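**Q** Provide a 3D model corresponding to the input given below.
(one chain, ligands or ions: 1)
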Amino acid sequence: MYAKEFTARVDSVEGNRVVLDQTAFNPHGGGLLGDTGSLDGVKVVDTVKGDGEAIVHVVDSPANFAVGANVHGTLDWERRHRIMRMHTSAHLLSSIFNKQTGALITGNQIEPEKSRVDFSLENFDRERMLACCSQANEAIAKNPSVKTYFLKREDALKIPGIIKLATAAPPDVQELRIVEIDGYDVQADGGVHVKSLGEIGKIEPLKFENKGKSNRRLYFTIA
Ligand SMILES: [Zn+2]
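**A** Numbering: from 1, shown residues only. From the prediction side, this is the model:
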């Protein structure tokens with residue numbers, strides 16, 4: 001998750017879609033935007049999932065890459081690191097909201113500048129939500145580590161709160177990837193995260209919205 005540059009071999013090129021034999025670019029999915037950056041100086045404007053396991057680099061000019069040749073990839077690191085900080089913030093917030101209110105997460109959108117998390121919550125209480133954000137910042141100040149590891153599916157599903165998305169079924173795989181914020185949260189998750197909470201800096205709530213009878217939305221940023 002901390003690789004900023006890499007060299008890889010070109011596996012296929014179709015128009016502006018380039019697939020490599022390995023990559024540090026993270027594809028769009030799970031509420032996270034895809035990475036941007038460059039391949040041999042050609043701009044990568046998005047990264048998406050392709051067929052099967054393929055990760056597709058979408059380049060801004062028709063690709064001139066030869067299949068089998070090596071290319072050098074460089075991530076737009078500042079943007080990607082903000083996505084990691086935002087994403088780990090969303091996990092922390094969802095855990096604290098879940099513990100304080102019992103709310104489940106009904107959706108999220110992680111973007112570099114502004115992110116949002118949706119909660120299923122009957123009673124909207126602005127003060128209570130602000131208090132949860134303060135608790136999140138207190139947790140960040142303690143700088144606990146964020147660990148990722150794999151667990152057998154049946155063992156993972158025994159952990160209380162492992163699935164916090166109200167609608168999500170865990171992927172149909174033998175092993176689940178687990179992201180654990182030490183002392184605060186354990187979730188099955190495939191996305192990119194920082195390795196300790198201190199990297200987030202500070203969570204700043206921007207806006208609370210009512211999205212229907214039992215849906216609340218929090219917009220936040222990081223500083
Ligand atoms: Zn996540």
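**Q** what residues does stretch 184-195 touch?
**A** With contact meaning Cβ atoms under 8 Å, 6 or more residues apart in numbering, stretch 184-195 is reached by 1-2, 26, 29-32, 80-81, 83-85, 87-88, 91-92, 94-96, 110, 139, 144-146, 148, 156, 159, 161-164, 170-171, 176-180, 200. Backbone N, C-alpha and C define where each C-beta goes, glycine included.
**Q** Can it be said to contact the ion?
**A** Yes. Using Cβ under 5 Å from the ion, stretch 184-195 comes into contact with the ion via 189, 191.
**Q** one step back: what subset of the contacts of stretch 184-195 is buried?
**A** When the contacts of stretch 184-195 are checked for burial by 16 or more other Cβ atoms under 10 Å, the buried set is 26, 31-32, 80-81, 83-85, 87-88, 91-92, 94-96, 110, 139, 144, 146, 156, 162-164, 176-180, 200.
**Q** If we ignore the residues flanking it in sequence, what's nearest the residue of the chain most remote from its centre?
**A** Computed with Cα atoms, centre = their mean, the residue of the chain farthest from its C-alpha average is Ala66, at 31.7 Å. Among residues not flanking Ala66 along the chain, Val10 sits closest, at 6.5 Å (Cβ to Cβ, 6 or more residues apart in numbering).
**Q** For the one you found, name its beta-bridge partners.
**A** As for beta bridges, Val10 partners with Leu20 under DSSP bridges.
**Q** Validate this expectation: Glu127 resides in a helix.
**A** Yes. Under DSSP: H, G, I helix; E, B strand; the rest coil, Glu127 falls within a helix.
**Q** just to revisit the earlier point, and what about the residue farthest from the centre of the chain, helix, strand or coil?
**A** Following three-state DSSP, Ala66 is assigned to coil.
**Q** Which helix runs longest in the chain?
**A** If you go by DSSP state H, the chain has its longest helix at helix 77-101.
**Q** Tell me how far that one lies from the chain's centre.
**A** Distance of helix 77-101 from its chain centroid, counting by Cα atoms, centre = their mean, to the nearest Å, is 8 Å.
**Q** do stretch 48-63 as well
**A** 19 Å.
**Q** That one spans what distance, first to last residue?
**A** Taking Cα to Cα, to the nearest Å as the measure, stretch 48-63 stretches 16 Å from start to finish.
**Q** Next: stretch 21-32.
**A** Counting by Cα to Cα, the length from the leading to the trailing residue of stretch 21-32 is 22 Å.
**Q** Stretch 177-191 now?
**A** 9 Å.
**Q** mind listing what's buried in it?
**A** 177-181, 184-189, 191.
**Q** mind checking how far that stretch is from the chain centre?
**A** Distance of stretch 177-191 from its chain centroid, counting by Cα atoms, centre = their mean, is 11 Å.
**Q** all strands for the chain, in order.
**A** Per DSSP state E, the chain carries strands over the ranges 5-14, 17-20, 37-39, 42-49, 55-59, 70-75, 104-109, 115-120, 146-152, 175-181, 185-188, 203-210, 215-222.
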